[in-house]
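Chemist: Can you look at this prediction? I've put the sequence above it.
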Amino acid sequence: MTDKPILRISAERPDTPEATALIAELEAYLAPMYPAESRHGLSVERLIEAKVAFFVLRSDGAPAGCGGVQFFGRKYGELKRIYVRPQFRSRGLSKRIMEHLESYSREHGIPLLRLETGIHQHEAIGLYERLGYTRIDPFGEYRPDPLSIFYEKRIR
């Protein structure tokens, strides 16, 4: 019998070494699947500039994943940079990050969450749909892209 890992999600600046490493791994993962014009993730600098609330999930102290949310007034929040390292996948950690971001947004009076993901992210698409996110047309500054799918979920 193995002990369950201790999971902790904490707010962090995206320019900390561990957060930067997670974001760089996400970029390296996405680069072979999508051309640059179809990768809409914000750089570390843009995450800070856009005041994205950013979180790192640790499993027994090791950085395992991350995610953030950018608020657009009180209208909606956009989920950003959701990632779990390969060695930590299939443990429900992406769901934990999503639930944390939903809870954080709800606490800040945000009624709706939206996100963009790529068509090749089959596991992510399945997670979003299991969590109640529904497909929508492009929102905000996004334009139609055959490699992108857009989702939203009412959380209030």
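Modeler: That came through, no problem.

Chemist: pLDDT weak spots in this protein?
Modeler: 1-2 (pLDDT under 70).

Chemist: quick check: longest strand of it.
Modeler: Ordering each strand of the chain by length in residues (DSSP state E) puts strand 62-72 first.

Chemist: Give me the contacts around that strand.
Modeler: Identification of contacts with strand 62-72 by CB atoms under 8 Å, 6 or more residues apart in numbering yields 14, 18-19, 21-23, 26, 47, 50-58, 77-85, 88, 93-94, 97-98, 100-101, 104-105, 108, 110, 113, 140. Every residue, glycine included, has its C-beta placed from N, CA and C.

Chemist: After it, which helix or strand is next?
Modeler: Next helix or strand after strand 62-72 toward the C-terminus (DSSP states H and E): strand 76-84.

Chemist: Keep only those of the contacts of strand 62-72 that are in helices.
Modeler: 18-19, 21-23, 26, 47, 93-94, 97-98, 100-101, 104-105 (DSSP state H).

Chemist: Quick check: PyMOL command selecting the buried ones in the residues you listed.
Modeler: Selection of buried members from the ones in helices among the contacts of strand 62-72 for PyMOL, criterion 16 or more other CB atoms under 10 Å:
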select buried, resi 19+22+23+26+47+93+94+97+98+100+101+104+105
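
Chemist: Just the closest of the ones in helices among the contacts of strand 62-72 to residue 7, please.
Modeler: residue 93 (7.3 Å; CB to CB).

Chemist: thought that closest one was touching residue 59?
Modeler: Yes. Counting by CB atoms under 8 Å, residue 93 touches residue 59, with 7.1 Å between them.

Chemist: if I look at those two, which residues touch both of them?
Modeler: Residues touching both residue 93 and residue 59 by CB under 8 Å, 6+ apart: residue 7.

Chemist: just to revisit the earlier point, by how many degrees do the longest strand of the chain and helix 93-107 diverge?
Modeler: 40 degrees (axes from the mean of the first three to the mean of the last three CA atoms, to 10 degrees).

Chemist: Could you spell out the sheet neighbours of strand 62-72, each with its direction?
Modeler: strand 53-59 (antiparallel), strand 76-84 (antiparallel) (DSSP bridges).

Chemist: I appreciate the help and will end here.
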